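**Student:** got a structure for you, letters missing:
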Ligand SMILES: Cc1ncc(COP(=O)(O)O)c(C=O)c1O
Ligand SMILES: N[C@@H](CCOP(=O)(O)O)C(=O)O
């Protein structure tokens, strides 16, 4: 598979180069030249596969000959070696729980896949690679965990100071010596802008071999399709007559973009809903046609506090930049913190299911969209234990810590302050 740069289509690379570079010239994202199309016969076969084999079949065309089959099989089986259960919240609302990996959020799949691919490519590399990553909460922890002690790889995580939960902060600031956390006095969009600018800077690129572990990197973005294929397998076992509506809590729009990619390949979905919090650039754009990214606001679903979502350009590319066609398949809505809190309470009281704030945004949006007897799935992107401050205050309960959270809470954070200023970031990187 070849990938072209959306901002500079003459830049064409293979999977290995896209993974190593992270981002193309002119801040362009790489995009697959062709999308695999599965027939109904292929879909039947995919349904019957164990998850490791399904993951291999889906990822193989995207990786092409960049990684030998036996290595890719090993990478995908290590990537998906935990559960992805589809649970009923009540009679007709389901949740695909994506938080059973090591850092308790859906980012583990992409981070594990990418770290292993880069580890493989790096074997022939004599130079260290520096992975830059901006996080609003969960990517940082997952990338830190995925890249811990990977030979020849150093990771620099930028996160917005005071705007991530305590658990998220500990996950990204208490890691092995090849991981460094920079605490930025700004918001996620400031962090993301610094990372993107670094890729275009000659001095930094002369000094360090850079890549990104955000979903701008195809090796982080593409494996996120697997959730939708797992949902399809589980859904088919429920023998419903219709394809599901799928509602995705959305921030940087990498997850839902991967879902739409799976759908374009043939996976049946009735409709997608991109559920946002008050950072509503995309809902407003789809409503009015004007793309205006306001200042990012802090919400209780902090990992979705993104006002300039990187992957929206890829979603448009999937629809050949035709917004009308996109709107037939995807709706995007904004849900306030007040409504999110009400949903957490109602679902806990009525259904005894504990939603985290991100899934609660999605549940609210799904409920608004569906009629009473319709069916739908939300993606459960993080475990509620990552947000005890919000949930305990709201429900008056104490959330039980899992063993890994207990260990984490005994550690102390290690971070370096950084102003949201490119020159300060550049000088930090040039000293490394
Ligand atoms: C818990 C959680 N939910 C939802 C999102 C939004 O996902 P995406 O950025 O792929 O839209 C994130 C961050 O990525 C997250 O950490
Ligand atoms: N919500 C994310 C923001 C970055 O998204 P990514 O998928 O592009 O890495 C986070 O948790 O950091």
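**Tutor:** It's in. Predicted model only: the values in this text are computed from it and were never measured. Ligands and ions are numbered 1, 2, ... in the order given.
**Student:** Could you list the contact residues of the stretch 101-250 of the chain toward ligand 2?
**Tutor:** 135-140, 214-215 (Cβ under 6 Å from any ligand atom). Placement of C-beta: from N, CA and C, glycine included.
**Student:** Identify, from those residues, the entry nearest to residue 289.
**Tutor:** Nearest to residue 289 among these, counting by Cβ to Cβ, is residue 215 at 25.3 Å.
**Student:** got any ranges where the chain has weak pLDDT?
**Tutor:** By pLDDT under 70, the chain contains no weakly predicted segment.
**Student:** Sketch out the strands for it, chain order is fine.
**Tutor:** With strands called from DSSP state E, the chain shows them at 2-5, 8-14, 30-32, 86-90, 93-97, 129-134, 153-160, 179-184, 209-212, 245-249, 271-276, 330-334, 376-380, 416-418.
**Student:** What is the last one packed up against?
**Tutor:** Secondary structure elements in contact with strand 416-418, counted by 3 or more Cβ pairs under 8 Å, 6 or more residues apart in numbering; DSSP states H and E, are strand 179-184, helix 422-430.
**Student:** what about those, which gets the closest to residue 79?
**Tutor:** Taking these one by one with Cβ to Cβ, strand 179-184 is closest: 19.5 Å.
**Student:** residues touching the residue lying closest to residue 194 once chain neighbours are set aside, list them.
**Tutor:** Excluding the flanking residues, the one nearest residue 194 by Cβ to Cβ, 6 or more residues apart in numbering is residue 425, at 4.8 Å. Residues in contact with residue 425 (Cβ atoms under 8 Å, 6 or more residues apart in numbering) are 158, 182, 194, 197-198, 418.
**Student:** make it 7 Å
**Tutor:** Residue 425 makes contacts with 194, 198, 418, as judged by Cβ atoms under 7 Å, 6 or more residues apart in numbering.
**Student:** Which one of the residues you listed is nearest to ligand 1?
**Tutor:** Set against ligand 1, the nearest of the contacts of residue 425 by Cβ to the nearest ligand atom is residue 194 (17.5 Å).
**Student:** number of nearby residues for the closest one?
**Tutor:** Number of residues near residue 194 (other Cβ atoms under 10 Å) recorded here: 23.
**Student:** Over to residue 253?
**Tutor:** Residue 253: 25 neighbours (other Cβ under 10 Å).
**Student:** And the contacts of stretch 97-111?
**Tutor:** 79-80, 82-85, 87, 138-139, 141-143, 145-146, 171, 213, 215, 220-221, 223-224, 226-227, 255, 379-383, 385-386.
**Student:** Of the residues you listed, keep whichever come out buried.
**Tutor:** 79-80, 84, 138-139, 141-143, 145-146, 171, 213, 215, 220-221, 223-224, 226-227, 255, 379-383, 385-386 (16 or more other Cβ atoms under 10 Å).
**Student:** Restricted to helices, list those residues.
**Tutor:** 79, 138-139, 141-143, 145-146, 171, 220-221, 226-227, 255 (DSSP state H).
**Student:** biggest separation within those, which pair?
**Tutor:** 171 and 226 (22.1 Å).
**Student:** returning to that earlier point: and of the ones in helices among the buried ones among the contacts of stretch 97-111, the nearest to residue 7?
**Tutor:** The closest of these, once distances to residue 7 are taken by Cβ to Cβ, is residue 221, at 16.2 Å.
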